[in-house]
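Enquirer: coords below, sequence missing:
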């Protein structure tokens, strides 16, 4: 493909709540919860923030040093500020990109943005547009006392797609989809429901295998052809397990595994892993990125870092360590649960 | 009247996401007919052991559903006795034969448990406990934990003694291709597993499982001659208070004691005659109590014997839970009691493959299936 990723921007709220503090509220043994989930703390947006404000922050960063016209703005989220009223147009207005652009919001659980990224790459590749902004932003929440409460987190990643001076070439992509209702939220219902262990083998693992194995077959690449691998991170265990199943090593996965300290920022989760890898990947090296969205599907990409990556490191590994801890009641206030 | 188990089939046990309750039931029924070389019209009745179909799936009137699926019109009875549903179905099927109502009867036990979330399955299972126990928020892990705490206190045992049951049963399951968990574990693994209800950790507890098992019983002398079967020496049921509150002791299951006593009396054999037993280990403590209540080990000695792995294969005179038990083979509740009988059938007829124990014409087998926290117990005895 001639289209690629020109830049990445991200936003991680400073607030963190410790998994141990949540576990204590519910009378759970914190070390057992941390061990079973592979997560010790998660990022929490303040009460004044939502998926849109975070998207503005990450998009500003992504566009800061980029000279391209944004002809399309796609906003992937499962926590939109409005059920009806596009977040993409509000973001476009806030960013001041004019009015001659195609905008829409996308929804596919945690892979809403990687699906949008495939659309944007195709539009640019076809010559229909010159540049696109794809945003993944979520202020995710779980019902108090539900297993999701330990991991559902906040964060945003913005991706600028174009053809010039890209930091990543997109060599190939593959998508795998099926009707697999492992996690859902009906209209008007505040908290999502999930199928417990059904979210594992027949859902996350099956779909990521479905996208990645086909992508490897199509491209002829082996696991050893990649320096880094990035998977959607619903917890700290699933990405480690899927990496092993697909023949990737812990070293290939290591730099992307931000879930332990940030939690699962849903649509932003896998892309946040890509941001983290972008601090260290060397020019010419390949990355395999695979998202997962409940419902269900997985998008997988072969990315190759260019020489421009060295000038546009996101400095993520320094910035995300700037944090403050909040107690559980403050967490509830931040999520507007109380 | 002599009757024999002449055929067995089981689906794998585990998280069988793409199979429904009646997919599993159909597979087990068709499988056992094939294994027994029987046609549907040679069966006089079907007994179906199932606990949760009505609660979790609004799926009752199972007889007519099975009739529809199998295109049959014979009597089909659904039997419910919580986790003893399969054992009770077998008992009633045997009674049906001995009463002369039929000669060849099929028993199938099935359960579909993984289609609902944890809260729903816990609530569904708790329908087998007393109203008071449900209202005060107890769960079955909680009820068995109360028994475990008292057992450990009374006999000065520790969690290691409980853990040895799970270790032994996982060791056996590693040889059972249909088991849900084929991994071996250590006592340390059990002790460090996440706590469920102190002193029980996750690895002290049987899992939530899907699965179905079926056996064929017959009194037809021609079929008995044709098949390698095992003789049903006795099958007895006893009941007790559903609530722990009304029990005289927390470290004994009286229903097990009574059912065992009646069964041994009927069969004219003694516990020491048994070489192979499938015992209801829904929790590690349950197997320790069962080993004492069935008369295999003296009161208060099960912890010590278990820690020495006395009932592990190739260790002592009695091998317990060669299938892996409920803990490691899995526990689709309606199927469990039937699978236990099937496992004894495989062992006594030398069809157990890698987990086969030494058997001869003088070998006897026992199955022990419990409902709830001991409100129902089924004990059956078999010989060749």
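Expert: Perfect, thanks for sending it. No experiment lies behind these values; they were computed from the predicted model shown.
Enquirer: and residue A:170, how many residues sit next to it?
Expert: Counted with other Cβ atoms under 10 Å in any protein chain shown, the neighbours of residue A:170 add up to 22. (Each C-beta comes from the backbone N, C-alpha and C, glycine too.)
Enquirer: And it, how close does it get to chain B?
Expert: Distance, residue A:170 to chain B, by Cβ to the nearest Cβ, to the nearest Å: 33 Å.
Enquirer: What of residue A:85?
Expert: Separation of residue A:85 from chain B (Cβ to the nearest Cβ): 33 Å.
Enquirer: Would you double-check that that residue falls in a strand?
Expert: No. Under DSSP: H, G, I helix; E, B strand; the rest coil, residue A:85 sits outside any strand and is assigned coil.
Enquirer: Looking at residue B:322 now. What's its pLDDT?
Expert: Here, the pLDDT recorded for residue B:322 equals 98.
Enquirer: I'd assumed residue B:354 was in contact with it.
Expert: No. Residue B:322 is beyond contact range of residue B:354, at 10.2 Å (criterion: Cβ atoms under 8 Å).
Enquirer: Neighbour count for the two, which is higher?
Expert: Taking other Cβ under 10 Å, residue B:322 and residue B:354 do not tie; residue B:322 has more neighbours (26 against 8).
Enquirer: Please state the backbone phi and psi of that one?
Expert: Phi and psi for residue B:322, reported as degrees, to the nearest 10, are phi -70, psi -20.
Enquirer: what sits against the residue in the stretch 51-200 of chain A that chain B sits nearest to?
Expert: Nearest residue of the stretch 51-200 of chain A to chain B (Cβ to the nearest Cβ) works out as residue A:196 at 5.0 Å. Applying Cβ atoms under 8 Å, 6 or more residues apart in numbering or on different chains, one finds that residue A:196 lies in contact with A:147, B:117-118.
Enquirer: Would you mind putting the residues you listed into TSV with neighbour count alongside?
Expert: Converted to TSV, those look like this (neighbours: other Cβ atoms under 10 Å in any protein chain shown):
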residue	neighbour count
A:147	18
B:117	17
B:118	11
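Enquirer: Quick check: residues of chain A near chain B?
Expert: Counting by Cβ under 8 Å from any Cβ of the partner chain, the residues of chain A lying close to chain B are A:29, A:32, A:35-36, A:193-198, A:201-202.
Enquirer: Residue 141 sits in which helix or strand?
Expert: By default, I'm working from chain A. According to DSSP states H and E, residue A:141 maps onto no helix or strand at all.
Enquirer: if you could check chain B rather than the one you did, that'd help
Expert: Using DSSP H and E, residue B:141 falls in helix B:140-155.
Enquirer: got it, and residue B:120?
Expert: Going by DSSP H and E, residue B:120 is part of helix B:118-125.
Enquirer: now do the same end-to-end measure for stretch B:278-298.
Expert: End-to-end distance for stretch B:278-298, by Cα to Cα, to the nearest Å: 18 Å.
Enquirer: What residues sit buried inside it?
Expert: Neighbour-count burial for stretch B:278-298 flags B:278-297 (criterion: 16 or more other Cβ atoms under 10 Å in any protein chain shown).
Enquirer: Repeat that for stretch A:141-151.
Expert: A:141-142, A:144, A:146-151.
Enquirer: what sits up against that stretch?
Expert: With Cβ under 8 Å, 6+ apart, stretch A:141-151 has contacts from A:19, A:22-23, A:26, A:33, A:37, A:39, A:42, A:79, A:152, A:190-192, A:194, A:196, A:234-235, A:259, A:263-264, A:332, A:335, A:337.
Enquirer: now the closest residue to chain A within the stretch 201-350 of chain B, what's its secondary structure?
Expert: Nearest residue of the stretch 201-350 of chain B to chain A (Cβ to the nearest Cβ) works out as residue B:208 at 8.4 Å. Using three-state DSSP, the structure places residue B:208 in coil.
Enquirer: Alright, I will stop here.
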